[in-house]
Each structure stands twice: as C-alpha cells, then as structure tokens.
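[1] have a look; sequence and predicted model below, questions after that.
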Amino acid sequence: MRTHLALRGALAAALVLPAPALGQAGEPPRPDGASVISYAKWGALGAAVTAGVIGFSAHRDADELFANLEALCEEDAARCMVGPAGSYLDADLEGRYRDVLDADSRARTALIVSQVAVAASLALFLLDLGGDSEPDNVPYDPDQGFGFRSGADGRTEVVYVVPWGGF
C-alpha cells in the first residue's frame with residue numbers, strides 16, 4: 001500500500017511540477033500574450049484533480065482496512081475488547097486501527113488540498129479573464145461570404161460571394 005502511495009505522489013509531482021523544455025532559455029515572450037497565470041491555472045487544476053484522486057484512493061483504503069478490522073471482530077468478539085483508555089487490548093487490532101486512522105487522515109488531507117487547489121484554479125481562471133473588455137473592431141463587409149439573394153421569380157437562394165480584388 002505504501003508503494004502505491006509513493007507512486008501516486010510521484011505521478012502528482014510529475015503532473016504539477018513544470019519540466020524545462022528544450023530551447024526555452026532565450027525565447028522571446030509569446031505574441032499571443034500568454035502569461036504565468038495562463039499556465040498556473042491549468043497547473044492548479046491538475047493539482048486539484050491529482051489530489052482528489054489520491055484522496056479518494058486513500059479513503060477507499062481506509063474503508064477496506066476498517067472492513068477487515070470489523071470482520072476480525074465479528075469472528076472473535078472477545079479479541080476486540082477495549083480498554084479504559086479506549087484502545088484495543090489486542091496489540092495487533094490496535095495497530096490495524098491506527099492504520100485505519102492514518103489512511104483516513106491522508107484522505108482528509110488530500111481532499112482538503114484538492115478543494116484548496118480548485119479554489120486557486122478558479123481564482124486564476126477569473127484573473128486570466130482580465131484584459132480588454134471589448135473585442136477588436138473588425139469591420140463588417142456585406143459583399144463577402146454567405147448570404148441570401150431573392151430572385152425575380154420569388155425564389156430565395158443561398159449564395160457565397162467571393163471577394164475579387166478592388167474593382
């Protein structure tokens with residue numbers, strides 16, 4: 001189980017941490033205006049998804065461990081006696097219960113991280129919306145493109161007008 005957790009952590013790091021690309025050192029800024037926020041929002045979203053998957057997986061592991069503990073207690077109820085401090089008297093069962101609590105704690109932490117990353121991603125998406133509030137002024141040319149033409153006999157045709165120089 002710890003190997004799976006390590007692999008999931010490595011996958012999360014690979015998805016979130018940026019890797020240097022070839023030829024990145026002296027490149028000029030991108031002409032499309034992409035900023036750090038444009039990339040960070042997707043990184044935060046990837047981190048949210050990764051943390052959510054890790055959290056749900058840890059929650060499933062905790063449920064399986066607890067189900068195994070309950071099955072042991074159903075087989076032998078005398079073995080599941082609880083002491084005055086609230087812990088199991090059987091050291092093996094107490095260790096299993098601690099494993100359940102650890103897996104549950106990992107699940108809780110990962111799901112909280114996922115929720116924080118979703119909020120950060122949402123904030124970054126909203127910040128990335130900033131900029132010009134008006135679109136570029138592109139003049140409309142009615143003599144170009146698809147349109148309708150009415151004939152003398154009352155028919156309507158769909159036509160495409162091809163621009164042809166400046167005659």
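    Ah, there it is.
[2] could you say which helix or strand holds residue 55?
    helix 36-75 (DSSP states H and E).
[3] in that helix, what's buried?
    Judged by neighbour count using 16 or more other Cβ atoms under 10 Å, the buried positions of helix 36-75 are 40-41, 43-45, 47-52, 54-55, 57-59, 61-62, 65-66, 69, 72-73. From N, CA and C alone the C-beta is placed, and that goes for glycine too.
[4] so what does it touch, helix or strand wise?
    helix 2-16, helix 91-128 (3 or more Cβ pairs under 8 Å, 6 or more residues apart in numbering; DSSP states H and E).
[5] lowest-confidence stretch among these?
    Of all those, mean pLDDT reaches its minimum on helix 2-16 (a mean of 56).
[6] rewinding a little: which of the helices and strands packed on helix 36-75 sits most buried?
    helix 91-128 (a mean of 16; mean count of other Cβ atoms under 10 Å).
[7] quick one, what contacts the closest residue to residue 59 other than its chain neighbours?
    The shortest distance from residue 59 to any non-neighbouring residue, by Cβ to Cβ, 6 or more residues apart in numbering, is to residue 107 (3.9 Å). Residues in contact with residue 107, defined by Cβ atoms under 8 Å, 6 or more residues apart in numbering, are 55, 56, 58, 59, 61, 62.
[8] and for residue 66?
    Per Cβ under 8 Å, 6+ apart, neighbours of residue 66: residue 100.
[9] again with residue 40
    If you count contacts by Cβ under 8 Å, 6+ apart, then residue 40 has residue 124 around it.
[10] run the last query once more with 10 Å
    18, 120, 121, 124, 127, 128 (Cβ atoms under 10 Å, 6 or more residues apart in numbering).
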